[in-house]
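Structure for the following, please:
(chains A and B)
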Amino acid sequence: MILSVVFALLFYAATILLVVGVARKIAVYARTPAPLKIPVAPAPLTRAGVVWRMTKEITVFRSLFFSNKWIWLFGWMFHVALALVLARHLRYFTEPVWGWVALIQPFGKYAAFAMIAGLAGLWARRFLVDRVRYITSLSDHLMLALLMAIALSGLGIKYLSHTDIVDIKAYMLGLMYFDWQPLPADGFVLLHFSLVITLMVVFPISKLLHAPGMFFAPTRTQVDDAREVRHTAGWTAE
Amino acid sequence: MRVRFVTPQAGLPSNNTRSYDVAKATFDTPELKPHQEVVDLPTVKPGTMHHLKTFPAKPVHNESIGYPGELVDDWQDKAVQRLGELVEGSKALRVFLDTCVKCGACTDKCHYFLGTQDPNNMPVARQDLLRSVYRRYFTFAGKHFPKLVGAKDFDKPMLDDWYNYFHQCSQCRRCSVFCPYGIDTAEISMAAREVMDSIGVGQKYCNEILGKVHKVGNNLGLPEPALVDTLEGLEEDVEEDTGVLVRFPVDQKGADVLLITPSADFFAEPHIDGLIGYGKVFHQAGISWTLSSYASEAANFSMFIGSADNLKKTAMRIREAALELGVKRIIVGECGHAWRVAYSFWNTLIGPFDFLDPKYPVPQHIVEFTYDLIQRGALELDKEANDHRRITFHDSCNVARASRMGNIPGGQFILPREVIKAAANNFFDMAPDTIHEKTFCCGGGGGLLTDDLMELRVKGAMPRMQALKQVVEENDVNTLVAICAICKTQFAKVLPYYQFDSHMITSLHEVVGDAIQLGAKE
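Residues are numbered from 1 along each chain as shown, chains lettered A, B, ... in the order given. Below is the predicted model:
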């Protein structure tokens, strides 16, 4: 029971750090002025055009595709798989399980392997490509190790320890409704939870900020209308 | 024989007044491959360009543009403080410093890396010189776990690395096109230069030139009488060549158009032939125009050094001149970074332009102007006059990736090519991965067009030269057209290193000017 409480408290703390940390960062990004028009051309002439430009970046990683096919392949595979896996995990937080979440369960199962393959490819580049090796620091390896370990421990729960997911679901719902239930104290579960908590904590202080950050890059999000609309902000508004 | 004003300290050294000496070079020019569009991917060779340090500014240069003359006492604290202010004031800088995941997509996109193999010329590594300092002083991870995230102190070796490598970035933005998050190394390199300037570590080339603009009105330090003299000489030359008096007016109050053009157009080759072309276009169109001796410079090197105050102050001369002369429109001549400043920043910095004729975009590029005239049939062009030319077009980085022409995205690629094709029969594009938004920098942009960086300029030109070599081999191209004063000077200088004729480089409006049949429409 002590473990149940410890993990409950850790989850609460991690959630607060993640939500507050990311919200604070987003607020700072939003508040910081963009004094000049710097969209990278050719850029859209309308707001709707910018939405379309960003949609392509987020869904198919357009710029990366034209940049490097290997990074694109591994990176896109990892992110799409991660999205599927995360969506699949919603079943632990919803009762009854939403229809579309139930629908994607079979895909989510295989996505875990795609996620691992993507991570492995990205990691291999950090050793095999001399340019990427040069720019890699210890934290880049640790981040990949963390994600890889999360994926592997998740597979461990499913295929090795065969933990009863009904208990896990009861525990997660208990956390959400402040009605704590016993945690199935299985090695893979504890490992998986610990790693996920670590990820939640480091998210707002690491390069994972690329997720919210990319929505604020003036180079991609500004409209190309400098001649038509007089833009001022920050020092240019003084 | 033309009478030309030549200044020994010209901001943009002209090819006909200074001789280049390839034999004197202490470095090897990279070798081009036969029949190949794009250069091979080089392996990483750390430190190959570590020795290259551009001449530092003298105290007088720094002080003339509002910076401390030399390295201040508490420079570390001051630099960190200035960096903090810049991050506070720039969404781009703040976001770019946080979002890089080191994916490596940019690592093979910089012409300076491709030409030098120095890994610090990979965009991400160049950014990391600043990012590592930012992390050390401004992030939780960097303050408490510096080794883990590669955070570093801003010490003397770091300052030296900043000075060397942020003066090996031409701010061309090619990397930002390929970055999944749109991270623009130009913004980071501008910030780094501003931080260095603020502690008294400036670059001679940029800072000396900016001082001249503030004092005299142009990069060359060309005073009004000399400008008038030069333009009168030009009128005589053109009349001698064509038998038609084409005017090149200065400070003509009440003219319709104020032409703002890089001062290199007044004396350097091949720039001046472009200026003659503008004159012929205005003449043929019957539109009155004038230059300004007070604002006789389109260039604004303040952008290169990321200096907000100087950027605005330099641009403001143009607003003042337009008001003083009572013009209705402002047109900008062939200059890459100047067009970025004009197109993207003028409205912000020196607008609104409610005193100008709202029928025309402000500012307008000379290529837009000429294109419109061609569309309306207002220019009589004889394409055969350019039949000796087999032309390719170099997209200048700031025009390609930081501005626009016309009313559709990418118009900056279409309009210049359409103008060339309207004035000449033989046009051939270089390889698709080296033009449009993927264009390679000439190697001399961003405040690097100085002889003390010749090694960098030559090596950085290599990817462009490789693409050029291919169209020379396949299509017998003999003319490289550009619409940027820096590109023109840079190519005139580096083409011979790659066994090309330095006279290949040609102003777009020289091609137009040669095709114009003066008098035909009068």
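
How about the contacts made by residue A:220?
Residues counted as contacts of residue A:220 (C-beta atoms under 8 Å, 6 or more residues apart in numbering or on different chains) are A:39, A:40, A:50, A:53, A:54, A:57, A:214, B:181, B:182. All C-beta spots, glycine's among them, are computed from the backbone N, C-alpha and C.

the strands in the stretch 151-300 of chain B, which residues?
Counting by DSSP state E, counting those that start in this stretch, the stretch 151-300 of chain B has these strands, from start to end: B:257-260, B:289-290.

Tell me which of those strands sits most buried.
Comparing the strands of the stretch 151-300 of chain B on average neighbours per residue, with mean count of other C-beta atoms under 10 Å in any protein chain shown, the densest one is strand B:257-260 at a mean of 26.

who touches that one?
Under C-beta under 8 Å, 6+ apart, the answer for strand B:257-260 is B:278, B:282, B:287-292, B:295, B:297-298, B:318, B:321-322, B:325, B:327-333, B:338, B:342, B:363, B:366.

Quick check: PyMOL command selecting the buried ones in the residues you listed.
The buried residues among these can be selected in PyMOL (16 or more other C-beta atoms under 10 Å in any protein chain shown) with this line:
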select buried, chain B and resi 278+282+287+289+290+291+292+295+297+298+318+321+322+325+327+328+329+330+331+332+333+338+342+363+366
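
Which ones among the contacts of strand B:257-260 lie within helices?
Secondary structure from DSSP state H places B:278, B:282, B:318, B:321, B:322, B:325, B:338, B:366 of the contacts of strand B:257-260 in helices.

doesn't residue B:330 make contact with the last one?
No. In this structure, residue B:366 sits apart from residue B:330 without contact. The criterion is C-beta atoms under 8 Å, and the distance is 10.9 Å.

Now for chain A: which helix has the highest residue count?
Secondary structure of chain A per DSSP H: the longest helix is helix A:2-31.

hmm, back to that, turn the contacts of residue A:220 into CSV, including pLDDT.
Formatted as CSV, the contacts of residue A:220 follow (pLDDT from 0 to 100):
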residue, pLDDT
A:39, 98
A:40, 98
A:50, 98
A:53, 98
A:54, 98
A:57, 98
A:214, 96
B:181, 98
B:182, 97
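
So which of those is the closest to residue A:167?
Of all those, the one sitting nearest residue A:167 is residue A:214; the distance, using C-beta to C-beta, is 38.0 Å.

correct me, but that closest one touches residue B:100?
No. Here residue A:214 lies out of contact with residue B:100, judged by C-beta under 8 Å, at a distance of 10.8 Å.

Next up, the contacts around residue B:393.
Here residue B:393 is in contact with B:416, B:417, B:420, B:427, B:429, B:435, B:480, B:481, B:482, B:508 (C-beta under 8 Å, 6+ apart).

For residue B:409, see how far away it is.
Distance of residue B:393 to residue B:409, given as C-beta to C-beta, to the nearest Å: 18 Å.

Okay, now the unreliable bits of chain A?
Residues of chain A meeting the criterion pLDDT under 70: none.

what's the closest non-adjacent residue to residue A:66?
In space, residue A:66 comes closest to residue B:178 once its chain neighbours are excluded; the distance is 6.8 Å by C-beta to C-beta, 6 or more residues apart in numbering or on different chains.

shouldn't that neighbour be in contact with residue A:72?
No. Checked against C-beta under 8 Å, the pair residue B:178 and residue A:72 is beyond contact range at 10.8 Å.

Which residue ranges of chain A form helices?
So, for chain A - with DSSP H - the helices run A:2-31, A:47-60, A:62-67, A:69-89, A:99-103, A:105-128, A:130-135, A:138-156, A:165-176, A:187-202, A:210-213, A:218-221.

which of the ones you listed sits most buried?
Mean neighbour count (mean count of other C-beta under 10 Å) peaks for helix A:218-221 among these, with a mean of 24.

The closest residue to residue A:164 other than its chain neighbours: how many residues sit nearby?
Nearest in space to residue A:164, with sequence neighbours left out and distances taken as C-beta to C-beta, 6+ apart, is residue A:184 at 6.3 Å. Burial of residue A:184 is recorded as 19 neighbouring residues (other C-beta atoms under 10 Å in any protein chain shown).
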